[in-house]
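> what follows is a predicted protein model with its sequence.
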Amino acid sequence: MKKRGITRRKFLIGSAAGGATLLAGSYLTFNSWAAKQNVSEDIRITPTLCDGCGNWCAINVYTKGDKVWKAVGNPIAGNNVGRICAKGHALLHEMYNPDRIRSPLKRVGPNKFEPISWEQAYKEIGAKLAKIKQDHGPESLFWLHYPEGNAPLAQRFMNALGSPNVFSHGATCFLPRNIGWWLTTGSSKPEHDFENSRFILLIGRNPAAGLQLRQLNDMSSAKTRGAKIVVVDPRYSEAASVGQQWIRIRPGTDLALMLAIARVMIKEDLYNKDFVEKYTQGFEEFSKEVEQYTPEWASEKTSIPKQTIVDLARELAAAAPKAVIHRGYHGAMGTQYKNSLQLVRAVACVNGLMGNYNQLGGLYEGPKVKLGKLDKTQHPDPPKVDGPMVDGSTDPERYPITPKGHGLAHAIPELAIQGKLRAGFVYHNNPLRTNPNPARVIEGYKKLDLLVSFDYVLSETASVAHYILPESFYLERDDVVHTNHCYRSKQVAIRQAVVKPLYDTKPMFQILKEMAPHLGIGEYFNFTLEEYSAAQLAPLGVSLDRIKKEGVVDLGGEWKPGEPSFKTPSGKLEFVSSTLQEYNFPAVPTWEEPLVTPDAKDPHSFRLIHGKQAHHTHARTVNQSYLKEITIMNDWGRVWIHPDRAKALGIKDGDCMTVSSSIGKGRVRARVTDGIHPECVFLPSGYGVFAKNLKTGFGYGLSYNDFLPTYFEPVLGHTMSGEIIVRVEKT
């Protein structure tokens, strides 16, 4: 008899069809199906947090026995409002990935590891670290991580070791965005009241792919009520398909557009005079500066028609204060361009011209939750390390406004080659794949005398580590209390294990606590996870039992519109930045050319841009079989190229072409589409896995980092990851 079954492909196609049925109201829900199977008594529901991306959405996980069955969004959570995305569903299965590391590993040769006990790993790491500290000092040590959740524990760990070198991914992601807003408004991440907006402008931001479920929900609600959504992007992104208008812009020129919009608003007397007079400083200087940035000038820079620029400025002003320009993320306002910091400042200032701060439909500073700390009399803090970071990111002569705690992680390889860094710990980060110029990154990390990874698979970085201390999968571990990304009200959430670990793995807290005595710092980890979490919750009046039961606890304190306040040196929105002025940087938003420009006379010359896809998180999820299948089904690994440029090169849709830069070269298939600016090609990020142990993701697609030289932007030191010129040829 022929065996009948459901393949992943059939399952995913069925899921897509099921979505349409669900909208029609006739879909069989999980709960109704479970009731008919009479299995409800075997099912346990545990609230926890997803780990599919940095949003850490609150989820309720269904388990039957010791098996994970499904997950749904926790309806209490403000950041995902009861929803869950493809990553949240698919990553449930990642716990059963055969590529998982099952015990501590010690490298015994190139890409060769042997299993060892936890105790042996701790002892050997402790002995090697002691010698490195003795020979080269604690400043030769570093920690690199994704700065969420366990970040305070990592800082405590490094303070105890006497090292100031704690790095995050900020210089490859969000640094200009955070600093630009902080310089202008005193808040690094304002929230958007999209739900009440009448006009929403997205500049180089794609929340439909760089997925934030609450934002999408609120934008959808606003659109239903008649709000207009305009997307400015070099390509027809997922967000552009949601909006009513797509404005195609030359990459790297968003700043010119914003300066011209400001000029139109001021010249035509469309700005909010009361707001500007009461809540801002430096308007006269700003007004004088933007006088030169006419719509005609901006049209030449951006390739956007002059009238489109004028109309956009007028529409924004007409809808104000219920009009908002998105704060940005990794795109044009992130670490993409040499002028990204100036762009963020300009966007913050134009929002100011509309007077939308702390107003319905505008921008506001979300409620903050201040967690408690351990009793120092019982659990002493290690001495705080005040020395400069080894990368110069805290040096007032080099990068005076780059914040401590992020650093410039792409400087680590060169510092290792120079012998200034000797040992490192890498947690929730994969610099060999996600940093520019991978050949140099590999060379640098291989120079380290000691590299410890906490990965659960043999990623590119884990593959060159001396020791791998595998953290338990997120469904197998308890973590510290998390201040949920809740937007409107104060919320706290917690991750907790829904099943026992499948293998000999441990939560990060337990690893640090057990390793600390072997490093001579055990006195600073003389507490349990329960004691630490209870101390965090103490000032909030929330018990550990309650948060574990509910997953998310809403503390109230909902945002309400009213008088705006700004935590800048002047106490006002600063058109002229006091801080930039102090350090002799351009204090008023001003035009700055991108670092590189394609050769207009060379038909092979393009700018390479990149962006996320909704079903992937950087390189973290490409090895997940269900998510990889979505990519394969839709052929989403291709590079976008405009039809006119493709025709000139003899390239047809689906053809293989070669992409090369000054440092890298690769082959990839073409997606010929008019949804891309003619001067650039678009490469979806996350692909290009070269760790052979990641069998599902290995060898598929390319990464933009393969083509990106190691840059340091002059003011903040970030990577300028959109400043890539490539040569495209038909293969």
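Good, I have the coordinates. What you see is a predicted model; the values in this text were computed from it and never measured. Numbers count the residues shown, from 1 in each chain.

> domain parsing of the chain, as residue ranges.
Domains of the chain are assigned by automatic domain parsing as 1-30, 31-96, 104-110+119-168+405-469, 185-365, 605-730.

> closest to P586 out of the ones you listed?
Proximity to P586, assessed across the domains of the chain by Cβ to Cβ, is greatest for domain 185-365 (7.2 Å). Using the backbone N, CA and C atoms, a C-beta is placed for each residue, glycine as well.

> now do the end-to-end distance for that closest one.
10 Å (Cα to Cα, to the nearest Å).

> CA atoms of the host helix or strand of L683 as CSV?
Element membership for L683, per DSSP states H and E: strand 680-684. Provided in CSV are the C-alpha atoms of strand 680-684 (Å, rounded to 0.1, in the frame of the first residue of the first chain):
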residue,chain,number,x,y,z
CYS,A,680,21.0,49.6,-7.2
VAL,A,681,20.5,45.9,-6.8
PHE,A,682,18.8,44.4,-3.7
LEU,A,683,20.1,41.4,-1.8
PRO,A,684,17.9,39.9,0.9
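
> got the angle for the next helix or strand after that strand vs strand 680-684?
The first helix or strand that comes after strand 680-684 along the chain, using DSSP H and E, is strand 725-730. With axes from the mean of the first three to the mean of the last three Cα atoms, to 10 degrees as the basis, strand 725-730 and strand 680-684 are set at 90 degrees to each other.

> pLDDT score assigned to the residue lying closest to V689 once chain neighbours are set aside?
Excluding its sequence neighbours, the residue lying closest to V689 (Cβ to Cβ, 6 or more residues apart in numbering) is G697, at 3.9 Å. pLDDT for G697: 94.

> burial of G697, as a residue count?
Look at G697: counted by other Cβ atoms under 10 Å, it has 28 neighbours.

> quick check, S163 in contact with H136.
No - S163 is not in contact with H136 according to Cβ atoms under 8 Å; the separation is 10.9 Å.

> which one of those two has more residues nearby?
The residue with more neighbours, out of S163 and H136, is S163; 24 against 16, by other Cβ under 10 Å.

> check contacts around that one.
138-143, 385 (Cβ atoms under 8 Å, 6 or more residues apart in numbering).

> restricted to strands, list these.
Those of these mapping onto strands are 141-143, per DSSP state E.

> dump those to CSV, plus distance to D42.
As requested, these are exported to CSV (distance: Cβ to Cβ, whole Å):
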residue, distance to D42
L141, 49
F142, 47
W143, 43
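
> closest one of those to C50?
Nearest to C50, judged by Cβ to Cβ, of the ones in strands among the contacts of S163 is W143 at 24.2 Å.

> in contact with the closest one, which residues?
154, 157-158, 163, 165-167, 424-427.

> 10 Å - rerun?
Applying Cβ atoms under 10 Å, 6 or more residues apart in numbering, we find W143 in contact with 151, 154-155, 157-158, 161, 163, 165-168, 407, 424-427, 429, 452.

> tell me where the stretch 251-400 of the chain has helices.
Counting by DSSP state H, counting those that start in this stretch, one finds helices in the stretch 251-400 of the chain at the ranges 254-267, 273-279, 283-290, 295-302, 306-319, 340-353.

> buried deepest among those helices, which one?
Mean neighbour count (mean count of other Cβ atoms under 10 Å) peaks for helix 340-353 among the helices of the stretch 251-400 of the chain, with a mean of 29.

> distance from stretch 48-56 to the middle of the chain?
Relative to its parent chain, stretch 48-56 has a centroid offset of 12 Å by Cα atoms, centre = their mean, to the nearest Å.

> cool, stretch 337-345 as well?
Its chain's C-alpha centre and that of stretch 337-345 lie 18 Å apart, by Cα atoms, centre = their mean.

> could you do stretch 714-723 as well?
Relative to its parent chain, stretch 714-723 has a centroid offset of 16 Å by Cα atoms, centre = their mean.

> endpoints of that stretch, how far apart?
Stretch 714-723: ends 14 Å apart by Cα to Cα.

> pLDDT weak spots in this structure?
1-41, 485-486 (pLDDT under 70).

> shared neighbours of S163 and H136, which are they?
Counting by Cβ under 10 Å, 6+ apart, the residues touching both S163 and H136 are 421, 423.

> sec struct for R669, please.
Classification of R669 using DSSP: H, G, I helix; E, B strand; the rest coil returns strand.

> residues contacting it?
Residues in contact with R669 (Cβ under 10 Å, 6+ apart) are 635, 637-639, 651, 653-657, 701, 731.

> so which of those wins on neighbours?
Most surrounded of the contacts of R669: other Cβ under 10 Å gives V639, at 24 neighbours.

> need phi/psi at that one.
V639 has phi and psi values of phi -90, psi 130 when expressed as degrees, to the nearest 10.

> go on, A71?
Torsion angles, degrees, to the nearest 10, at A71: phi -140, psi 150.

> need the contact list for it.
45-46, 48, 50, 57, 59-63, 84, 88-89, 91-92, 475, 498.

> how far away is it from E94?
According to Cβ to Cβ, to the nearest Å, A71 and E94 sit 12 Å apart.

> cool, S662 as well?
36 Å.

> which of the two has more neighbours?
Using other Cβ under 10 Å, the more surrounded residue of S662 and E94 is E94, with 24 against 12.

> give me the nearest residue to the more buried one, chain neighbours excluded.
Nearest to E94 is Q624, by Cβ to Cβ, 6+ apart, at 5.5 Å.

> contacting residues for the nearest residue to R607 once chain neighbours are set aside?
Nearest residue to R607 in three dimensions, chain neighbours excluded: C680, at 4.3 Å (Cβ to Cβ, 6+ apart). The contact partners of C680, taken as Cβ under 10 Å, 6+ apart, are 234-235, 250-252, 598, 606-609, 640-642, 645, 722, 724-726.

> same check on C349?
184-185, 258-259, 262, 280, 282-283, 286, 290, 573-576, 588-589.

> looking at those residues, which is nearest S299?
Out of the contacts of C349, the member with the shortest distance to S299 (by Cβ to Cβ) is L259, at 12.4 Å.

> which ones among the contacts of W143 are found in helices?
Residues from these lying in helices, with DSSP state H as the criterion: 151, 154-155, 157-158, 161.

> let's have those in JSON lines, adding distance to V668.
Below are these laid out as JSON lines (distance: Cβ to Cβ, whole Å):
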{"residue": "A151", "distance to V668": "36"}
{"residue": "A154", "distance to V668": "37"}
{"residue": "Q155", "distance to V668": "40"}
{"residue": "F157", "distance to V668": "41"}
{"residue": "M158", "distance to V668": "40"}
{"residue": "L161", "distance to V668": "43"}
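
> which among those residues count as buried?
When the ones in helices among the contacts of W143 are checked for burial by 16 or more other Cβ atoms under 10 Å, the buried set is 151, 154-155, 157-158, 161.

> which among those gets closest to A222?
Nearest to A222, judged by Cβ to Cβ, of those is A151 at 33.3 Å.

> number of residues surrounding the spatially closest residue to that closest one that is not a sequence neighbour?
Of all residues not flanking A151 in the chain, H145 sits nearest, at 6.7 Å (Cβ to Cβ, 6+ apart). Neighbour count for H145, taken as other Cβ under 10 Å: 22.

> same deal with the one 5 residues further on?
Taking other Cβ under 10 Å as the criterion, the count of residues near N150 is 23.
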